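> Give me a 3D structure for the following:
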Amino acid sequence: MLCAQQQMVKGIVRDTEGPLPSAAVKLLGETDRLFGLSDASGHFAVGPVPNGRYTLEVQASGKKLLQQKLELKGTNYGSFSLELEE
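Numbering: from 1, shown residues only. Below you'll find the predicted structure:
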């Protein structure tokens, strides 16, 4: 039996003044839609996420929408540090 690789996508959301709590984090794939929120320290974890191509969207009140294309593969996706602009 074969299992697809799946890992958590983790990171921190910041602006120029520091961590951003309650930022909406979305991972949009061809068939998968995963959602999460950053905690009080700006940290987020979404998943488990199967390998594939995704658009990572991060949005917080009063900030510009951040969109980033990702190709997730392997057994460790690493951690993302994302900075939102006014």
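
> Make sure Pro21 is actually in contact with His43.
No - the pair Pro21 and His43 fails to qualify as a contact (C-beta atoms under 8 Å) at a distance of 9.3 Å. Placement of C-beta: from N, CA and C, glycine included.

> Next SSE downstream of the longest strand along the chain?
Using DSSP state E to define each element, the chain has its longest strand at strand 6-15. Counting by DSSP states H and E, the next helix or strand C-terminal to strand 6-15 is strand 18-19.

> Quickly run through the sheet partners of that next one, with directions.
strand 6-15 (antiparallel) (DSSP bridges).

> for the protein, what spans make up the strands?
6-15, 18-19, 24-29, 33-37, 43-50, 52-59, 66-72, 79-83.

> Turn those into CSV, including mean pLDDT and mean neighbour count.
What follows is the strands of the chain, written out as CSV (pLDDT from 0 to 100; neighbours: other C-beta atoms under 10 Å):
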stretch, mean pLDDT, mean neighbour count
strand 6-15, 92, 18
strand 18-19, 96, 12
strand 24-29, 96, 18
strand 33-37, 95, 14
strand 43-50, 93, 16
strand 52-59, 95, 17
strand 66-72, 94, 13
strand 79-83, 92, 14
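
> how close does Glu57 get to Ala23?
As defined by C-beta to C-beta, to the nearest Å, Glu57 lies at a distance of 10 Å from Ala23.

> From one end of stretch 56-74 to the other, what's the distance?
18 Å (C-alpha to C-alpha, to the nearest Å).

> chain center to it, what's the gap?
Offset of stretch 56-74 from its chain centre (C-alpha atoms, centre = their mean, to the nearest Å): 6 Å.

> can you list contacts of that stretch?
With contacts defined as C-beta atoms under 8 Å, 6 or more residues apart in numbering, stretch 56-74 is touched by 5, 7, 9, 13, 15, 20, 22-28, 38, 49-55, 80, 82-86.

> Sweet, I'm off.
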